[in-house]
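In: My questions concern the predicted model and sequence given below.
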Amino acid sequence: MLPRITQKVGCIGVLFATSVEHSLGNSPYIAELCVSQNCNEASHPLLDYDEESSECVCRSNPCWDDNGLVHSCRNSPDFPYLSFRYTETKELKCECSSIPQVSSVHVARDLCAGHMCDKAEFPILDWDVEKRECLCRAHPCWNDNGQHHKCHDPMYPLLRYRKDKVDGQEQNVCECSISMERDQSALASSQMAWADPDEPDFIDDDDM
């Protein structure tokens, strides 16, 4: 699928979409910046880039501490996925969405404030380095060298993308991550924030 340009929104917005398979990210732009970096702690599951330190970092979901508020979508069955975006003035907005995705804070706040991705086919907000513009991408793990990955374990429902370098060659890595609910993070705190794609909870379409 070709990427789509993002939609600019005002300070108030609600995400609408049809029911889709679980996705998460990360941004391919962040994956390129942070090759061979990984976030294993459930309390800080988001691989991201910090503009001030010029380093890759592991973040908690900003909606877990929004000026002291802990956001949750547990009681929103039609919009069960906790999502965040930033307004044009870089104000954090936490929302319940029918699209299971989490943006990079660096992309959503520093590069693409005021943008959102509200199409199920292109859920990932990203940054095009060459064109220097924001865009919405399809999940990279939906076409990983011809494989369409999915996650089926309720403990690790969200599909996550990053890059590793093996023998000098960059390789795509698709994993199953914990949900973005803070209580889910606490439940998984003694475990990894992601599941090995070789385990039964991670199933390719070819295996079904």
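Out: Thanks, I have the structure now. Numbering: from 1, shown residues only.
In: Would you mark the buried spots in stretch 90-103?
Out: 92-103 (16 or more other Cβ atoms under 10 Å). For every residue, glycine as well, the C-beta is placed using N, CA and C.
In: buried set for stretch 125-145?
Out: So stretch 125-145, judged by 16+ other Cβ under 10 Å, has buried residues 125-127, 134-142, 144.
In: so can I have a markdown table of the residues you listed showing secondary structure and pLDDT?
Out: Converted to a markdown table, those look like this (DSSP: H, G, I helix; E, B strand; the rest coil; pLDDT from 0 to 100):
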| residue | secondary structure | pLDDT |
| --- | --- | --- |
| 125 | strand | 93 |
| 126 | strand | 95 |
| 127 | strand | 96 |
| 134 | strand | 97 |
| 135 | strand | 95 |
| 136 | strand | 93 |
| 137 | strand | 90 |
| 138 | coil | 89 |
| 139 | coil | 89 |
| 140 | helix | 89 |
| 141 | helix | 89 |
| 142 | helix | 89 |
| 144 | strand | 85 |
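In: pLDDT weak spots in this protein?
Out: 1-25, 184-208 (pLDDT under 70).
In: Where do the helices of it begin and end?
Out: Taking DSSP state H, the helices of the chain run over residues 28-33, 105, 182-187.
In: Tell me the helices and strands packed up against the shortest one.
Out: Helix 105 is packed against no helix or strand, with contacts defined by 3 or more Cβ pairs under 8 Å, 6 or more residues apart in numbering; DSSP states H and E.
In: next one: it to chain centre, how far?
Out: Its chain's C-alpha centre and that of helix 105 lie 10 Å apart, by Cα atoms, centre = their mean, to the nearest Å.
In: Just the CA coordinates for stretch 127-145, please, in PDB.
Out: Coordinates of each C-alpha in stretch 127-145 appear next as PDB, following Å, rounded to 0.1, in the frame of the first residue of the first chain:
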ATOM      1  CA  TRP A 127       7.900  11.500   8.700                       C
ATOM      2  CA  ASP A 128       9.200  11.400   5.100                       C
ATOM      3  CA  VAL A 129      12.800  12.600   5.300                       C
ATOM      4  CA  GLU A 130      13.200  13.300   1.600                       C
ATOM      5  CA  LYS A 131       9.900  15.200   1.100                       C
ATOM      6  CA  ARG A 132      10.100  16.600   4.700                       C
ATOM      7  CA  GLU A 133       6.400  16.100   5.300                       C
ATOM      8  CA  CYS A 134       4.100  14.000   7.500                       C
ATOM      9  CA  LEU A 135       2.200  11.100   6.100                       C
ATOM     10  CA  CYS A 136       0.100   8.100   7.100                       C
ATOM     11  CA  ARG A 137       1.600   4.700   6.400                       C
ATOM     12  CA  ALA A 138       0.300   1.100   6.300                       C
ATOM     13  CA  HIS A 139       1.900  -1.100   9.000                       C
ATOM     14  CA  PRO A 140       5.300  -2.400   7.800                       C
ATOM     15  CA  CYS A 141       4.500  -5.800   9.200                       C
ATOM     16  CA  TRP A 142       1.500  -6.200   7.000                       C
ATOM     17  CA  ASN A 143       3.900  -6.800   4.100                       C
ATOM     18  CA  ASP A 144       7.200  -8.000   5.600                       C
ATOM     19  CA  ASN A 145       8.800  -9.600   2.500                       C
END
